[in-house]
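*Asks:* Here is a sequence together with a model predicted from it:
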Amino acid sequence: EYDPRTDPAFGLHVKYLKRHLEECQADFVAQRQRNDETQAAVDCLLSSLLVMTRQICESLQSVKTLEVQYDIQAVEALCEVVKWLASRSCVQWVQEEVPF
């Protein structure tokens, strides 16, 4: 019957596995930090984009011609898309069914 206490290699394997686990945990923490920084940058970009598209939409609505109605609809659709993206994390974008 195998007894790990008598196997000289067992201690080395345990030591190696512990070190590997520590490295994996450090990599996970670093990746999580990068993900958080990326999400913050995306949130900032989407917030700015939403403000700009709303301003464009308001400017177009002040023009009462038929020619800009399609433009208004396109910008309104863009606003909806940006609002949808801004209300979710990047991870959720691929996990949820996109409504548009």
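*Replies:* Sure thing, it's come through.

*Asks:* Just the helices from this structure, written as ranges.
*Replies:* Taking DSSP state H, the helices of the chain run over residues 8-61, 69-86, 90-95.

*Asks:* Other residues contacting the shortest one?
*Replies:* If you take C-beta atoms under 8 Å, 6 or more residues apart in numbering as the criterion, helix 90-95 is touched by 38-39, 42, 85. The way it works is simple: take the backbone N, C-alpha and C, and place the C-beta from them, glycine included.

*Asks:* Now list the buried members of the residues you listed.
*Replies:* Neighbour-count burial (16 or more other C-beta atoms under 10 Å) applied to these gives residue 85.

*Asks:* Centroid-nearest residue for the protein?
*Replies:* With the centre of the chain defined as its mean C-alpha position, the nearest residue by C-alpha atoms, centre = their mean is residue 90, 2.3 Å away.

*Asks:* and that one, what pLDDT?
*Replies:* On the pLDDT scale, residue 90 is placed at 89.

*Asks:* gap between it and residue 98?
*Replies:* 13 Å (C-beta to C-beta, to the nearest Å).

*Asks:* re the thing from before, for residue 1, which of the helices of the chain is the nearest?
*Replies:* helix 8-61 (14.1 Å; C-beta to C-beta).
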